[in-house]
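*Asks:* Okay, structure incoming, though there's no sequence with it:
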C-alpha cells in the first residue's frame, strides 16, 4: 500500500469503516427479518379475527359472500345508498325472522316500523 501512496493508518481506518458498515448491514438485515415476521404474525392474527367475526355475522344471518345456491333476504331502503347493504342468508332447515328485541331468539332480527314480532 505504501508503494501506491496510501498510508497504513488510512488503510486501517478504511478497514474499520468497512467492518462497521458490514456490522450495521447485518443488524439491519436482522431487523428486517424480525419486522417481516412481526407483520406476518399480525396478518395471520387479523385473518383469524376476520374469520371469527364472519362466523359471528353469519350466525346472526348477515354475510358478505353471496351464495346464489341459498335463498336470502336483502334489505331495501328508500335511500339507494342504504339499499342492499345487508344480506341475510336463509339457513337450511328452519330460519326464524322477527323484531329485534333483547329477549328475541330469532335467527334474523330486524328493526323497523313494519317488522312484526315474528314473520311467517
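*Replies:* Nice, thanks for sending it over. A quick note: this is a predicted structure, and the numbers were derived from the prediction, not measured.

*Asks:* need the strands for this protein, in chain order.
*Replies:* Counting by DSSP state E, the chain has strands at residues 72-74, 87-89, 97-99, 108-110.

*Asks:* Of all those strands, which one is nearest residue 22?
*Replies:* Closest approach to residue 22 among the strands of the chain (C-beta to C-beta): strand 87-89, 57.5 Å. Where you see a C-beta, it was placed from the backbone N, CA and C, and this is true even at glycine.

*Asks:* Please compute how far that closest one lies from its chain's middle.
*Replies:* Distance, stretch centre to chain centre, for strand 87-89: 21 Å (C-alpha atoms, centre = their mean, to the nearest Å).

*Asks:* Residue 27: which of the strands of the chain is closest?
*Replies:* Nearest to residue 27, of all the strands of the chain, is strand 87-89, at 50.8 Å by C-beta to C-beta.

*Asks:* re the thing from before, so which of the strands of the chain comes closest to residue 43?
*Replies:* strand 87-89 (26.7 Å).

*Asks:* and that closest one, what other elements does it pack with?
*Replies:* strand 72-74 (3 or more C-beta pairs under 8 Å, 6 or more residues apart in numbering; DSSP states H and E).

*Asks:* Would you mind measuring from the closest residue to residue 70 other than its chain neighbours to residue 95?
*Replies:* Counting by C-beta to C-beta, 6 or more residues apart in numbering, residue 70 lies nearest to residue 89, which is 5.6 Å off, once chain neighbours are set aside. Per C-beta to C-beta, to the nearest Å, residue 89 is found 9 Å from residue 95.
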